[in-house]
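Participant: pasting the structure only:
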């Protein structure tokens with residue numbers, strides 16, 4: 001929170017006023033969704049629970065002459081606590097994106113794209129830890145071109161993209177494609193990012209699709225990451241939100257393989273054979289929402 005005070009001195013006819021141009025734009029949207037269920041002697045059964053989801057989306061952009069620099073930080077965390085069971089995480093994301101561009105011709109920029117993706121807390125599946133902070137964490141840097149056919153659409157192609165897959169917990173490395181003694185795994189490939197933003201009065205949609213091909217390991221197996229954020233403002237401080245995330249990565253082997261009869265396949269040591277699969281997450285809520293600064297429109 002900040003407070004700005006302005007003072008003005010009396011000027012004469014010979015005074016000149018110069019206003020320093022501001023090439024920065026910034027803004028931040030915060031969302032909080034809460035629900036609570038309590039049951040007492042409820043004949044139909046059920047358990048009381050408390051759930052909370054929070055989300056912050058902040059940006060700070062710079063544009064001057066032929067230079068454009070865009071920065072975005074997304075943080076989300078949610079949980080469900082059922083009074084008969086343990087605490088469960090429902091949403092957890094930490095994403096930072098930065099894109100620097102220098103205009104080559106109209107609507108076409110030479111660009112460098114940087115991304116960091118991870119999560120804050122431990123994630124569980126069948127009471128086993130399957131993720132934690134920096135396990136995994138993805139860090140990538142891509143060099144290429146950025147095409148902006150309109151102010152709300154960006155098509156970025158980076159044929160030279162380096163990517164690091166960090167898994168600090170040795171017990172989780174096999175899930176995300178790292179060897180047990182491999183803290184960091186390096187990938188080199190091509191990346192295509194499609195970003196689109198739509199803002200119509202109190203309704204906004206933001207889509208970010210990333211496709212990555214690893215030159216060093218099965219380049220035809222395209223890795224997919226698609227984020228979709230939909231927000232409808234229904235009152236001054238309340239909104240309806242929908243956030244989805246779809247991931248496919250053939251290095252993330254987290255699903256037990258089964259035969260045609262549904263039986264789990266085992267390897268020669270008697271352990272379940274793990275295979276990759278499509279991951280999908282959806283968060284829907286109605287709750288408090290407030291925007292600081294301006295809404296990002298491009």
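Facilitator: Nice, I can see it. What you see is a predicted model, and the numbers here were worked out from it, not measured in a lab.

Participant: Could you tell me which strand of the chain is the longest one?
Facilitator: The longest strand of the chain (DSSP state E) is strand 87-105.

Participant: and the next element down the chain from that strand?
Facilitator: As assigned by DSSP states H and E, the chain's next helix or strand after strand 87-105 is strand 108-118.

Participant: Excluding chain neighbours, what is closest to residue 24?
Facilitator: Excluding its sequence neighbours, the residue lying closest to residue 24 (CB to CB, 6 or more residues apart in numbering) is residue 62, at 5.5 Å. Yep, even glycine has a C-beta here, placed from its N, CA and C like the rest.

Participant: Could you figure out how far the longest strand of the chain is turned away from strand 108-118?
Facilitator: Between strand 87-105 and strand 108-118, the angle comes out at 170 degrees (axes from the mean of the first three to the mean of the last three CA atoms, to 10 degrees).

Participant: quick revisit: now do the contacts for the residue nearest to residue 24.
Facilitator: Neighbouring residues of residue 62 by CB atoms under 8 Å, 6 or more residues apart in numbering: 23-24, 68-70.

Participant: Mind giving me the PyMOL command for buried ones among the residues you listed?
Facilitator: Remark: buried members of the contacts of residue 62, expressed as a PyMOL selection using 16 or more other CB atoms under 10 Å:
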select buried, resi 68+69+70
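
Participant: Dump the contacts of residue 62 to TSV, plus distance to residue 276.
Facilitator: Shown next, in TSV, are these (distance: CB to CB, whole Å):
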residue	distance to residue 276
23	44
24	42
68	36
69	35
70	32
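
Participant: What are the buried residues along stretch 261-277?
Facilitator: By 16+ other CB under 10 Å, the buried positions in stretch 261-277 come out as 274, 276.

Participant: as a whole number, average confidence for that stretch?
Facilitator: Stretch 261-277 shows an average pLDDT of 88 in the prediction.

Participant: still on that earlier bit, so which strand or helix has the residue nearest to residue 24?
Facilitator: Taking DSSP H and E as the criterion, residue 62 maps to strand 49-64.

Participant: Great, nothing more from me.
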